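S.K.: Sequence first, predicted model second:
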Amino acid sequence: MGFSQAISGMNAASKQLDVIGNNIANSATVGFKSASISFADIYAGSKVGMGVKVASVMQNFNDGTITSTNNSLDVAISGNGFFRLVDSNGQIYYTRNGQFQLDAERNIVSVDGLQLTGYLATGTPPKIQHGSAPGPLKISQEMLNASATSKAFLQTNLNSNSKIPEKQPINAEDADTFNYSTNITTYDSLGNQRNVQLFYVKTADNQWDVHYLDSSDPNASLKTLGQMEFDSSGKLISEPEMTINLNGLNGSADNTFTLSLANSTQQNMGKELGSIKAPIIDGYAAGDLVGYSINDDGTIYGVYSNQQTMLLGQIAMADFANVNGLESTGNNNWRSTPNSGAEVLGVANSGTFGSLASGAVEASNVDMSAELVNMIVAQRNYQSNSQTIKTQDQIFNTLVNLR
């Protein structure tokens, strides 16, 4: 049996060299997972073994090194999970290779043309519906439509030593009829900028009237907005929210929005004009897509020329009860099998799923030093088994030459 045992040992060592060679060949392959071989002895009803066989080839799914790239669509996984891909026939594949690009229809695709799947953002404002089935992700070049202002926030400090204007009534063109004025820029339904002037008029101790004028509208008139009342410590005690009504302009719809003066104060700061902080205002003009970004939870945002961002979708992640049960299909892709279990869907940074890094890829996890050592061991095993055959041959020659 020495010949068969040695041959099985040589075959096993040859298979091990095949695995090692494949690891080394893919040491620079993005997302590649190295493999190792396991052996089992062979017995056939006797205490003397029949040799060795390959029990299995296992892949090592430990993380590879994260390497930065210049492509904003490249994504690296740190931790558990796979990207979920779909081909034109609906076949699902899984990969750790996060090298993505846009095809002619602006779908996000892998280097071999499979579409990356995830959850598209829907509604206004856009939100992710995680309960829905994942579908192909794309980055549309559609323009971001204008959004009319609905809320504005302005924090002011009015000087308590200000004098009540002697000249009345208020006139927007006469600075002697009001104490302070400031401008806020808002947007209407067509994205037109509307320059709204606010006027503060002291009427009594701790009491101020607020007026506004839409200076973008040649037909607009000065209107009363409301009253601000403060206590003896300068704290605003009147209702902080006031409503501004603007007429439509150049075809836009009439716009009504809320102006909040919450946290405004009345203190003596040693200067007549007091202080007014920069306003915070929603709404924006229309904008074209100029870029995109991917966050560590896989959410994809479009970046627009109007300085706005909008949620476009979120990358879906998949995991399995037994990742070593996945079937390798080449091109750094795997398919699920009964042995791997069904896919478990989720998103990055949730549950057992890892996080994502955009503008980066996960390098191969092949350890070249370990592979070279394993190669020497496999080579020695092969040589030793061949020496067993040589020894058996010499023994047979001795038997044949007996007289």
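M.R.: Received the coordinates, thanks.

S.K.: what about the helix ranked longest in the chain, distance to the chain center?
M.R.: Ranked by residue count and defined by DSSP state H, the top helix of the chain is helix 368-400. Chain-centre distance of helix 368-400: 53 Å, with C-alpha atoms, centre = their mean, to the nearest Å.

S.K.: start at 27 instead
M.R.: OK, 27 is where the count begins now, so the last one is helix 394-426.

S.K.: average pLDDT across that helix?
M.R.: Computed over helix 394-426, the mean pLDDT rounds to 85.

S.K.: how about the helices in the stretch 27-176 of the chain?
M.R.: 28-51 (DSSP state H, counting those that start in this stretch).

S.K.: lowest-pLDDT helix or strand in the protein?
M.R.: Of all helical and strand segments in the chain, the minimum by mean pLDDT, DSSP states H and E falls on strand 301-302, at a mean of 81.

S.K.: Name the next helix or strand downstream of it, please.
M.R.: Counting by DSSP states H and E, the next helix or strand C-terminal to strand 301-302 is strand 306-307.

S.K.: Within its sheet, name the partner strands of the very next helix or strand once past that following strand and how each one runs.
M.R.: Going down the chain from strand 306-307, the next helix or strand is strand 315-320, by DSSP H and E. With DSSP bridges as the criterion, the sheet partners recorded for strand 315-320 are strand 325-330 (antiparallel).

S.K.: who does residue 126 bridge with?
M.R.: Going by DSSP bridges, residue 126 forms beta bridges with residue 136.

S.K.: surely it meets residue 136?
M.R.: Yes: here residue 126 lies in contact with residue 136, judged by C-beta atoms under 8 Å, at a distance of 6.2 Å. For the C-beta atoms, the positions are set from N, CA and C on the backbone; glycine is no exception.

S.K.: The longest helix of the chain vs helix 28-51, what angle?
M.R.: Interaxial angle of helix 394-426 relative to helix 28-51 (axes from the mean of the first three to the mean of the last three C-alpha atoms, to 10 degrees): 160 degrees.

S.K.: Run through the neighbouring helices and strands of helix 394-426.
M.R.: Applying 3 or more C-beta pairs under 8 Å, 6 or more residues apart in numbering; DSSP states H and E, one finds that helix 394-426 contacts helix 28-51.

S.K.: ok, and for the helix it packs on, which residues are buried?
M.R.: Using 16 or more other C-beta atoms under 10 Å as the test for burial, helix 28-51 gives 31-32, 34-39, 41-43, 45-46, 49-50.

S.K.: Residue 73: neighbouring residues, count only.
M.R.: When counting by other C-beta atoms under 10 Å, one arrives at 5 neighbours for residue 73.

S.K.: what does residue 404 give?
M.R.: What residue 404 shows, counting by other C-beta under 10 Å, is a neighbour count of 21.

S.K.: That one contacts residue 46, correct?
M.R.: Yes: Residue 404 lies in contact with residue 46 (C-beta under 8 Å); the separation is 6.4 Å.

S.K.: Report the distance from stretch 128-140 to the chain centre.
M.R.: So, by C-alpha atoms, centre = their mean, the centroid of stretch 128-140 is 18 Å from its chain's centroid.

S.K.: Using CSV, write out the CA atom coordinates for that stretch.
M.R.: The C-alpha coordinates for stretch 128-140 follow below in CSV (Å, rounded to 0.1, in the frame of the first residue of the first chain):
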residue,chain,number,x,y,z
LEU,A,128,-21.9,54.2,-13.2
ASP,A,129,-23.2,52.7,-16.4
ALA,A,130,-24.8,54.5,-19.3
GLU,A,131,-28.1,54.6,-17.4
ARG,A,132,-26.3,55.8,-14.2
ASN,A,133,-26.9,52.6,-12.4
ILE,A,134,-24.2,51.8,-9.8
VAL,A,135,-22.5,48.7,-11.1
SER,A,136,-19.5,46.5,-10.2
VAL,A,137,-16.5,46.1,-12.4
ASP,A,138,-18.1,43.1,-14.1
GLY,A,139,-21.4,45.0,-14.8
LEU,A,140,-23.6,43.6,-12.0
